[in-house]
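K.L.:
Sequence and computational prediction follow.
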Amino acid sequence: MSKRVRITLFAAALAAACLFASCKSSANSPGTGIFGPADQTAQAAELVAQANQDLTKIKILYDQNEGKRLEIKRAMEANDAETAKRIANEVEKLINDGATHANDAIDKLQKAQEMEINDDYREYLRLKEQSLKLESDAFDNYRQAAKLLNENFDPKDTAKRDKVKVDFKELSDKYLDTMERARDYSHRANELAKEVAVREQN
């Protein structure tokens, strides 16, 4: 599965959190009930919808970034420092912009988990939050790789060039491995959503 598909599915699945809005609600109105705080599923769902808007912005940035890692790799193999550094600089900016949206989305998911919601919904949000955190970590590895390349790649200095290539590959591999872990958490959340949907229909 491509990274684009993974992120698209992630955003779609997060929007599907509204499945839980009809599950195990203890009340439908805001405020405090006679037995304690009323259910806040609707308010939590609104936060999740806002988080999904942040993820949509991240996806737009991701689409702009797609393929640049391979472009950088080709430029490095060709010892084209100018092209490699130009693309690396573009990548750094895109990832920094995306990090702001990711942090906003994580904050919203955390706030939603603190509300009076059912346990299934809370676990779903926890898994999605963990997935998003891992994606942020993955892109931070990618950003570090781009920064390293932008600052140190010098085809004329063989030792320095080879070290940058090794370090870039190591950070790129960490990026891919962490994205795979993020996908696992997102998959677990999606499976939970399916289980809840089936349970509610029975």
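P.N.:
In hand now; what should we look at?

K.L.:
Not counting residues beside it along the chain, what's closest to residue 126?
P.N.:
residue 113 (6.2 Å; Cβ to Cβ, 6 or more residues apart in numbering). C-beta coordinates here come from the backbone N, C-alpha and C atoms, glycine included.

K.L.:
residue contacts, that neighbour?
P.N.:
Residues counted as contacts of residue 113 (Cβ atoms under 8 Å, 6 or more residues apart in numbering) are 44, 122, 125, 126, 129.

K.L.:
Show me which helix runs longest in the protein.
P.N.:
Ranked by residue count under DSSP state H, the longest helix found in the chain is helix 158-201.

K.L.:
Packing partners of that one?
P.N.:
helix 3-15, helix 68-77, helix 119-152 (3 or more Cβ pairs under 8 Å, 6 or more residues apart in numbering; DSSP states H and E).

K.L.:
one step back: need the contacts of residue 113 in JSON lines with neighbour count and distance to residue 179, can you?
P.N.:
Formatted as JSON lines, these follow (neighbours: other Cβ atoms under 10 Å; distance: Cβ to Cβ, whole Å):
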{"residue": "44", "neighbour count": "26", "distance to residue 179": "27"}
{"residue": "122", "neighbour count": "17", "distance to residue 179": "25"}
{"residue": "125", "neighbour count": "27", "distance to residue 179": "20"}
{"residue": "126", "neighbour count": "16", "distance to residue 179": "19"}
{"residue": "129", "neighbour count": "21", "distance to residue 179": "16"}
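
K.L.:
List the buried residues in the helix or strand containing residue 112.
P.N.:
In this assignment (DSSP states H and E), residue 112 forms part of helix 81-113. The neighbour-count check on helix 81-113 (16 or more other Cβ atoms under 10 Å) flags 81, 84-85, 87-88, 90-92, 94-95, 97-99, 101-102, 104-106, 108-109, 111-113 as buried.
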